[in-house]
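what would the 3D arrangement of this be:
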Amino acid sequence: MNYKQNDRLNQLTDETLIIGIDIAKEFHVARAQDIRGIEFGKSIKFNNSLSGYLEFESWINEIKVIEAKEQVIIGMEPTGHYWLNIARYLKANDYTVVTVNPMHVKKIKELDDNLQTKTDKKDAKIIAQLVKDARYSTPNLLEGEYEELRNAKNLRQVVVKDLNRTKNQIHNWLDRYFPEYKEAYASWESKSFIKIIKKYIFPSVIESISPNQIYEMLPPKMRRGVGLGKIERLVTASKNSIGIKEGLSFAKVEINYLLEKYDGFLEQIEEIDKYVADICSNLAETEKITQIKGIGIVTASGIVAELGDIRNYKTPKQMIKMAGLSLTENSSGKVKGTTSISRRGRKDLRRLLYQVILGMIRTNTAFKEMYIYYTTRRKNQLTGKQAIIALCRKLLRIIHTIIIKDVDYDESKMMSQIKYPDEFLNSAA
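Prediction:
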């Protein structure tokens, strides 16, 4: 992957045909030019279909012959999901496909004509100009198992959101009809409580049944984890319940429906996780990443799904940039501004790394020690959040090293390469 602008500029020569495409749902508009900005032929408007793509290729080949161009680079905005089909089609047919930042397109629209107008033809020209100036990036279009992992990760996110929504609805139902359940159960997600609610539904029913009868109703495995005392507290809470006692017929339908959805989403997540595990069994990088204490197969698969083939990254800085964790600073003259992360990258990857580091500073000795160092050192002391970001960057460097060098993760070796000041070592002793 090429991220340096000089490298991108060197890819553009006098033999390069530059094409900008304005993406839409039903049709696209394209314009062509050379590296000097001289436009070739008329713009083309083609359908978002196979026949439209073939028409677009014919237009490209005609211009290549007339203008004696050997290479083609095609730029576009990553507009929603509409750009993916044509980008993958062009890549499969050996075209160089790049993307430009939609914000850049918006900001330079007035440079050519000093007007705020927006048209598809104008946008296509602006995109081509941005490509000419090497202000583009190479899209991370995954293939094979990596694309399978990303699709699985995206579906898992959808199911988890639906599950959380259903949890909130069940919690709402309990607040209305049985708010006192917390006197016996810290969480309604306890398997034994769900079993009881499914059978008896309302506190008015539970209060009329003996604790021993409810206890015996539970499967043997559940009984060992619950105990009769908890059931007795639940029955007592039912007798003092202030839950709503009207409209219970449909309330019963509602809770049965919600619990059925809840069980269904849990089963779907389990199925997706099994599918992910099967894919990861064919990927050596996920096995290496899980060697790091605190990272499980779901997290490792999520990191690989976001990054793709890590072997395509020449340096860990490229992975850090992909995650939007590059450091930016706003300074002017003698005034030095604050340093922050760019947030120009894959937000799901950034969120995933942040969550895994939160867990690792509790369970991983090495990362916990680094976190303490960052937040307690005398010089350039970091806040808790800043330290977590620093550790996210550190984790990406570690992952890049063990994958590219094809070595196993060695925590003691990693820690031995970190040079802490003597004052920190003495205080930790």
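
what ranges do the helices span in the stretch 151-300 of the chain?
Under the criterion DSSP state H, counting those that start in this stretch, the stretch 151-300 of the chain contains helices at 191-200, 203-206, 211-217, 220-226, 228-239, 248-280, 284-289, 297-307.

TSV for those helices, including mean neighbour count?
No exception for glycine: its C-beta is placed from N, CA and C like everyone else's. Converted to TSV, these look like this (neighbours: other CB atoms under 10 Å):
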stretch	mean neighbour count
helix 191-200	18
helix 203-206	19
helix 211-217	15
helix 220-226	13
helix 228-239	18
helix 248-280	15
helix 284-289	19
helix 297-307	23
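
to K42, which of those lies closest?
helix 297-307 (40.3 Å; CB to CB).

helices or strands up against whichever helix or strand comes after the closest one?
Moving toward the C-terminus from helix 297-307, the next helix or strand (DSSP states H and E) is helix 316-322. Here helix 316-322 is seen to pack against helix 297-307, helix 384-404 when contacts are counted using 3 or more CB pairs under 8 Å, 6 or more residues apart in numbering; DSSP states H and E.

and the longest one, C-alpha only, in CSV?
If I follow you right, that is helix 384-404. Below are the C-alpha coordinates for helix 384-404, written out as CSV (Å, rounded to 0.1, in the frame of the first residue of the first chain):
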residue,chain,number,x,y,z
GLY,A,384,-5.8,7.8,31.0
LYS,A,385,-7.4,8.1,27.6
GLN,A,386,-4.2,9.3,26.0
ALA,A,387,-2.4,6.4,27.5
ILE,A,388,-5.0,4.0,26.0
ILE,A,389,-4.5,5.6,22.6
ALA,A,390,-0.7,5.2,22.9
LEU,A,391,-1.2,1.5,23.8
CYS,A,392,-3.5,1.1,20.8
ARG,A,393,-0.7,2.3,18.6
LYS,A,394,1.8,0.0,20.4
LEU,A,395,-0.5,-3.0,19.8
LEU,A,396,-0.6,-2.3,16.1
ARG,A,397,3.2,-2.2,16.0
ILE,A,398,3.4,-5.5,17.8
ILE,A,399,0.8,-7.1,15.5
HIS,A,400,2.7,-5.8,12.4
THR,A,401,6.0,-7.2,13.7
ILE,A,402,4.9,-10.7,14.6
ILE,A,403,3.0,-11.0,11.2
ILE,A,404,5.6,-9.5,8.9
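
skipping adjacent residues, who's closest to I341 in space?
Leaving aside its chain neighbours, I341 sits nearest to L325 (5.1 Å; criterion: CB to CB, 6 or more residues apart in numbering).

where does the stretch 301-429 of the chain have low pLDDT?
Residues of the stretch 301-429 of the chain meeting the criterion pLDDT under 70: 329-337, 419-429.

quick check: I19 touching D34?
No. Here I19 does not reach D34: they are 10.8 Å apart, not a contact under CB atoms under 8 Å.
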